[in-house]
Each structure stands twice: as structure tokens, then as C-alpha cells.
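Novice: Generate coordinates for the sequence data below:
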Amino acid sequence: MRRKHQVEYRLLKALSAVVRRLPYRAALALGWVLAALLFYVVRFRVRAAYQRLDAVFGDQFRPCERRRIAWTSLRNLCFNAVEILRFPLLDKTWVQQHVDARGVDFMKATRDPQQGAILAVPHMGNWDLAGVGGHILGLPIFFMARRQKNPLTDTWLNELRSVTGVETIMTDQSGALRKVIRYLKQGKVFAMLPDVRARESGIALSFLGGTAILATGMEMFARREGAPIFPAYALREGWTRHRWVVLPPVWPDPAVPRAADQARIMQDVMRHFEAAIRAHPEQYFWYNKRWILDPFKNPIPPPAP
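Specialist: Have a look, this model is predicted:
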């Protein structure tokens, strides 16, 4: 075990103990201080965030407004981390007090509980809390995740999610894809974050004024199981309030050739995401190391109309 991994794990455990003992707003204040250090002192990926905002929005924002958007995005990331560390304190009462969950009610009323569904969520607001909170409020949600480089923190963070009842399937787990299909057949909801650049190759789609290379996944499961995809996004309102928006589902069309239908499904979902990001740019994660619009090799072009 690398010493660096041990140090990271111990620091994270210590921070977790502190934020759980503090009142909610006080714990977020600690996250605010960390965000201020990263933004104003360390300048953590701030230049990259500015460049991305300029590429997407052009000269729409004055420098002070661009700075506010970038700052709020990073502050929200630190707030998200604090809330994840507090997952063991999470219960239905807390969620009902802090979340406008009418989107969850809409999804519960719209979907067939006997049929699996996919919940597609971009990196907006607290996306982890949206999945875990939706599960607490009655959606049978499960996740799939890649392992982190630090095996200690990877195991511990998955345990934090599991204490809320949400199961996380690891991508390298034996039979992972079969397990996803089995859960969908059981009527469970597969929560996914599709707005991440593909590692090697994927489908080229229009997004945020550029071309995004996305890995296949959600549309493949939707086609195979005839499952609806519910585009959704989370918004942080102030410090302690959250709102979850769930949109009408995107359905696969078995009458359309598979490749064309998969591209259409993905483009429809990303169109909803783009509208939400343009309406609430400060809520989006502009600091993602795997930036979705970075060029990548071997894209699979979308089929001709």
C-alpha cells in the first residue's frame, strides 16, 4: 500500500469525523473555506474553467460574472464533498426538510414500477445526493462506478453510499453488466452520469456548441430492455436547499435501426442537459478532469439522418 494512499485515507476519515460532528451549515462553512483556498490561493483548474466557459458562452458574460460562475461551481463541489461525508447521517426526514423532490414524485407517478428505468443525471448540483436521496424517497436506485486509484478511499466511499441502502456495482466486477440487466428486469432504476468523455472511443454528439465523444451505455441498456431514460438534474438553491428536476422520459424505438436509435436517444438526453446547463451555468461542474468537449481519438460518427 502506497504511503500517499494511506495519508489521503486518514485525512479523509479525519475530515469526515469533523463534518459529522458540526451542524450542517457549519460543516458547509468548512467546505466554503476549502473552496476559497482552492479558488483564490491554489487556483485549482481555475484557468481551465474560465477557458471552458469562454468556449461555451463566448462573450455572453462579463469577467466578474464569469468569475462568479466559476467560483460557485467550485464552491458547490466542496459542498458536495461535505454532504457525501455526512451520508451516514442522512435519513428521510433530512431529505424532506432540505429537498424539493417533486421530480422524484413525477418519476414515481410516471414510470411502471415493474419495469426498469434509467435515470440520466449530469454533473450539476449535488448529483450524488440526488441519487442517494431519490433512493431514500422510494426509488429503487443503484449505481455503477469505476474504482478510484486509492483502494482505501475507494472502499470507504462505496461504504458511505451503501449505508443509505444504495448498491454500487463496480465496472470491473465479475458479471457487472449481467447484474445491471438483472436489476433492470426487477424494476430497479439505474442512475448514470453520461456527461463524461469516453476513454477510448464513442459516439460523437453535439453538446454545448461543440462535439462530445460519449461512451455507449445508457442507450444500450434502454434498447435491450425497452426501458425509458429519464433525463434529470439537481440544483443547489443557496447553501442548504436542493431541487431535483426530472423530465419526461426518452424511449427507445425498436422500429429504428439500433445505431441510429442509440445516437438519437443520446442526443435527446444531452439536449436536455445542455438546456439546463445554459439556464444554470453556475450549477455545472466546469472543473472535470475528463472534460467532455476535449478532443479524443477514434470517434464513431453519428449515422446520417
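Novice: Show me which parts of stretch 131-144 are buried, residue by residue.
Specialist: For stretch 131-144, burial by neighbour count (16 or more other CB atoms under 10 Å) applies to 131-137, 139-144. All C-beta atoms are positioned from the backbone trio N, CA, C, and that covers glycine.
Novice: which stretches of the protein form strands?
Specialist: Remark: strands assigned in the chain by DSSP state E are 99-100, 117-120, 141-145, 167-170, 189-192, 202-207, 210-214, 229-237, 241-246, 299-300.
Novice: Can you name the residues that contact the residue lying closest to Leu22 once chain neighbours are set aside?
Specialist: Excluding the flanking residues, the one nearest Leu22 by CB to CB, 6 or more residues apart in numbering is Leu30, at 6.9 Å. By CB atoms under 8 Å, 6 or more residues apart in numbering, the contact set of Leu30 is 18-19, 22, 82.
Novice: ok, and the most crowded of these?
Specialist: Counting by other CB atoms under 10 Å, Val82 has the largest number of neighbours within the contacts of Leu30, with 23 neighbours.
Novice: Could you check how far that one is from Leu30?
Specialist: Per CB to CB, to the nearest Å, Val82 is found 7 Å from Leu30.
Novice: Number of residues surrounding Ile203?
Specialist: Look at Ile203: counted by other CB under 10 Å, it has 21 neighbours.
Novice: right, I mislabeled it, should have said Gly187
Specialist: 15.
Novice: Output the lowest mean pLDDT helix or strand found in the chain.
Specialist: strand 299-300 (a mean of 50; mean pLDDT, DSSP states H and E).
Novice: And Arg178, how far from Arg224?
Specialist: 12 Å.
Novice: what about those two, which has more around it?
Specialist: Per other CB under 10 Å, whichever of Arg178 and Arg224 has more neighbours is Arg224, with 14 against 9.
Novice: I'd assumed Ile181 was in contact with the more buried one.
Specialist: Yes: in this structure Arg224 lies within contact range of Ile181 using CB atoms under 8 Å: 6.9 Å.
Novice: Contacts only, for Thr110.
Specialist: Counting by CB under 8 Å, 6+ apart, Thr110 touches 230, 248-249.
Novice: can you put those residues in JSON lines and add distance to Thr168, pLDDT and neighbour count?
Specialist: Converted to JSON lines, the contacts of Thr110 look like this (distance: CB to CB, whole Å; pLDDT from 0 to 100; neighbours: other CB atoms under 10 Å):
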{"residue": "Phe230", "distance to Thr168": "20", "pLDDT": "97", "neighbour count": "25"}
{"residue": "Pro248", "distance to Thr168": "27", "pLDDT": "97", "neighbour count": "12"}
{"residue": "Pro249", "distance to Thr168": "24", "pLDDT": "97", "neighbour count": "18"}
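Novice: re earlier: tell me the spacing between the residue nearest to Leu22 and Asp128.
Specialist: Separation of Leu30 from Asp128 (CB to CB): 18 Å.
Novice: ditto for Pro122
Specialist: According to CB to CB, Pro122 and Asp128 sit 13 Å apart.
Novice: more neighbours, these two?
Specialist: Neighbours of Pro122 and Asp128, each counted by other CB under 10 Å, are more numerous for Pro122; the result is 25 against 22.
Novice: any common contacting residues for Val82 and Leu30?
Specialist: Joint contacts of Val82 and Leu30 (CB under 8 Å, 6+ apart) are Val19.
Novice: Show the pLDDT at Pro303.
Specialist: In this prediction, Pro303 carries a pLDDT score of 47.
Novice: my bad, should have said Met107
Specialist: At Met107, the pLDDT value in this model is 96.
Novice: sorry, back to before: winner for burial among the strands of the chain?
Specialist: Ranked by mean neighbour count under mean count of other CB atoms under 10 Å, those are led by strand 117-120, which reaches a mean of 26.
Novice: Direction included, what does that strand pair against?
Specialist: Strand pairing for strand 117-120, using DSSP bridges, gives strand 189-192 (parallel), strand 229-237 (parallel).
Novice: of these, which approaches Leu12 most closely?
Specialist: strand 229-237 (22.2 Å; CB to CB).
Novice: Also compute the angle for that closest one relative to strand 241-246, please.
Specialist: 160 degrees (axes from the mean of the first three to the mean of the last three CA atoms, to 10 degrees).
Novice: Where do the helices of the stretch 101-250 of the chain begin and end?
Specialist: 102-110, 127-136, 151-162, 176-185, 218-225 (DSSP state H, counting those that start in this stretch).
Novice: quick one, which of these is nearest to Ala70?
Specialist: helix 127-136 (18.4 Å).
Novice: how far does the closest one sit from the chain's center?
Specialist: 10 Å (CA atoms, centre = their mean, to the nearest Å).
Novice: So which residues make contact with it?
Specialist: Contacts of helix 127-136 (CB under 8 Å, 6+ apart): 80, 83-84, 87, 90-92, 95, 99, 101, 104, 107, 119, 121, 141, 143, 161, 164-166, 189, 191, 193, 232, 234, 242, 244.
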